[in-house]
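Trainee: Quick one: sequence plus predicted model below, questions after.
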Amino acid sequence: MEKIIVNGGNRLKGEVSVSGAKNAAVAILPAVLLCDEICRIENVPSISDVNVIVRILYELGASVKVIDNSTVEIDPSGINSFMLPASMSTKMRASSYFIGAMLGRFNRAKVAPPGGCDFGVRPIDQHIKGFETLGATVTIDGGMVNAYAKELIGGSVYLDKVSVGATVNIMLAAVKAKGLTVIENAAREPHIVDLANFLNSMGADIMGAGTNVIKIRGVNYLHSTTYSIIPDQIEAGTYMIAAAITGGELLIKNVIPKHLESISAKLEEVGATIEEFDEAVRVKMDGRPKCCNVLTMPHPGFPTDMQPQMTTLLALADGVSIMTEGVWDNRFKYVDQLTLMGAKVKVDGKVAVITGVEFLSAAPVRATDLRAGAAMILAGLAADGQTEIDNIEFIDRGYDNIVEKLSAVGADIKRREFIDPNERRAAI
Ligand code: EPU
């Protein structure tokens, strides 16, 4: 069992390069199913969620060539199965994208319900509504989502709730459907635009991605492509907070500054200096952060996936801040861990009241989900003493080489193997 060990107190200084976006990669990789020719995908992050999807593609019959750390070539022509059993799908949320992709390829899909981080109930009713609009019959039986259509025919779907997953899944199912599909109240996240650009690079006809109305005119055939995934907005934001929380200065490279605007605005509000370049941002912080209020919202609002990291920064702010979670019902589970380190945070439903303290103290804590794990690292970087973080497999799902990247800019952070005393006894 591995843990991450952080000795806090070092001010971070230097340059850190951001990898490809996880939430774009986990949509783009299943999308190759819609094509029968080789797709070369670049700037793929080296994270376990991506490994799981690549493995699924391989097990479904694709041939996969890993060119280097961030480039993969996938030939999906050998895929002939529309089934994704629980052993493959429950490891991650994005496995639900195989429903849309398989429907698009085979007019049918049989996929076990997806897993992923636990933020309370994670329904897929809006995905199903979209598939049904395209003419599919969707049932859930034997623990599997079953979708079938004689023929997929475009239609208009209004999402009752802005959903990244439903927007992606409906796009995937609609790309080769007959006629025009319109998604209204669509999600506008950068990874939605990236997926549309990827599909269009293969000959799809998608317009409006990045706005709340996306129009997809079905095409018969998608051809091979070479495509580079956009930089990860949330990884970049996490390093921006790492600079701020340590009173340091980081040049964060390989980013799209426009995607970081809501994060930059809040960091400036708490007293950080942000300088924007074409493909980089410099974040510098002197002194203690000021308090501020934050509401997480779908893009272009402040991202929910930055909520635990921002709460951690505000835990050290001068004054009382209010963090309101506007996307998920239950995304404050990590707060118990933060309070073990001396943070003063009171949660009532979707609102956290954060009374800033002057310092955090190291403690053994655990990652309760992916971004919560990143928040524990940030808390550890700022805390007095040695923080030991457990359950780090959550962090590895979405952060490419985070320990190496932070060490290179001055953090005292490493992975350490721990033998569980129960396992040791069993071995004897
Ligand atoms: N929702 C419904 N019905 C649906 C789908 C969603 O009510 O059919 C609700 C959800 O319960 C939630 C809200 O709509 O309250 C938004 O959910 P969304 O579908 O947008 O989330 P998701 O697609 O499951 C993706 C990211 C999450 C990120 C959210 C919101 C991926 C693989 N995951 O999840 O990322 O929090 O969008 O931006 O893209 C992360 O990276 O740490 C992460 C959790």
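Mentor: Here it is on my side, so go on.

Trainee: Now whatever residue of the stretch 201-350 of the chain ends up closest to the ligand. Nearest residue, chain neighbours left out?
Mentor: The minimum distance from the stretch 201-350 of the chain to the ligand, using Cβ to the nearest ligand atom, falls at Asp305 (4.4 Å). No exception for glycine: its C-beta is placed from N, CA and C like everyone else's. Sequence neighbours aside, Ile234 is the residue nearest to Asp305 in space, at 4.6 Å (criterion: Cβ to Cβ, 6 or more residues apart in numbering).

Trainee: Return the distance of the helix or strand containing the one you found from the chain's centre.
Mentor: Assigned by DSSP states H and E, Ile234 belongs to helix 233-245. A distance of 14 Å separates the C-alpha centroid of helix 233-245 from that of its chain, computed with Cα atoms, centre = their mean, to the nearest Å.

Trainee: Get me the contact residues on the stretch 151-300 of the chain for the ligand.
Mentor: Listed as neighbours of the ligand in the stretch 151-300 of the chain under the rule Cβ under 6 Å from any ligand atom: Lys161, Ser163, Val164, Gly165, Ala166, Ala187.

Trainee: closest to Met376 among those residues?
Mentor: Nearest to Met376 among those: Val164, at 24.5 Å, using Cβ to Cβ.

Trainee: pretty sure the closest one contacts Pro190?
Mentor: No - counting by Cβ atoms under 8 Å, Val164 stays clear of Pro190, with 10.5 Å between them.

Trainee: Tell me, how many residues neighbour Met83?
Mentor: By other Cβ atoms under 10 Å, 15 other residues sit near Met83.

Trainee: Same check on Ser407?
Mentor: Neighbourhood size, Ser407 [other Cβ under 10 Å]: 14.

Trainee: wait, isn't it in contact with Arg415?
Mentor: No - in this structure, Ser407 is not within contact of Arg415 by Cβ under 8 Å, at 10.4 Å.

Trainee: which secondary structure element contains the residue of the stretch 101-250 of the chain found nearest the ligand?
Mentor: At 2.8 Å from the ligand, Gly165 is the closest residue in the stretch 101-250 of the chain, using Cβ to the nearest ligand atom. Per DSSP H and E, Gly165 falls inside helix 164-174.

Trainee: now do Ile74
Mentor: Element membership for Ile74 (DSSP H and E) is strand 71-75.

Trainee: List the pairing partners of that strand within its sheet, with orientation.
Mentor: strand 39-42 (antiparallel), strand 63-68 (antiparallel) (DSSP bridges).

Trainee: Just name the most buried of those.
Mentor: strand 39-42 (a mean of 20; mean count of other Cβ atoms under 10 Å).

Trainee: What about Ser17, how many residues nearby?
Mentor: Neighbours of Ser17 under the rule other Cβ under 10 Å: 18.

Trainee: And it, its phi and psi?
Mentor: Ser17 adopts backbone torsions of phi -110, psi 130, taken as degrees, to the nearest 10.

Trainee: if I pick it, what's in contact with it?
Mentor: With contact taken as Cβ atoms under 8 Å, 6 or more residues apart in numbering, Ser17 is in contact with Lys253, Asn254, Lys405.

Trainee: switch to 10 Å and redo it
Mentor: Going by Cβ atoms under 10 Å, 6 or more residues apart in numbering, Ser17 touches 231, 235-236, 239, 251-255, 280, 400-401, 405, 408.

Trainee: again, but for Tyr239
Mentor: Residues in contact with Tyr239 (Cβ under 10 Å, 6+ apart) are 12, 16-18, 232, 250-253, 255, 281, 283, 309, 374, 378, 399, 402, 405-406, 409.

Trainee: Could you check the pLDDT of it?
Mentor: pLDDT recorded at Tyr239 is 98.

Trainee: cool, the one 10 residues further on as well?
Mentor: Looking at Glu249, its pLDDT reads 98.

Trainee: Share the number of residues neighbouring it, please.
Mentor: Quick note: Glu249 (other Cβ under 10 Å) scores 19 neighbours.

Trainee: ditto for Val145
Mentor: By the criterion of other Cβ under 10 Å, Val145 has 23 neighbours.

Trainee: re earlier: tell me which residues in the strand holding Ile74 are buried?
Mentor: Within strand 71-75, the residues scored as buried using 16 or more other Cβ atoms under 10 Å are Val72, Glu73, Ile74, Asp75.

Trainee: Identify the bridge partners of the last one.
Mentor: According to DSSP bridges, the residues that bridge with Asp75 are Ser63.

Trainee: what about the stretch 101-250 of the chain, any weak spots by pLDDT?
Mentor: 115-121 (pLDDT under 70).

Trainee: if we can go back for a sec, what is in contact with Val164 and Pro190 at once?
Mentor: Contact criterion Cβ under 10 Å, 6+ apart; residues shared by Val164 and Pro190: Asn23, His299.

Trainee: Tell me the residues of the stretch 301-428 of the chain that contact the ligand?
Mentor: Within the stretch 301-428 of the chain, the positions near the ligand by Cβ under 6 Å from any ligand atom are Thr304, Asp305, Val327, Trp328, Leu370, Arg371, Gly398.

Trainee: Which of those residues fall in helices?
Mentor: Cross-referencing those against helices under DSSP state H gives Leu370, Arg371.
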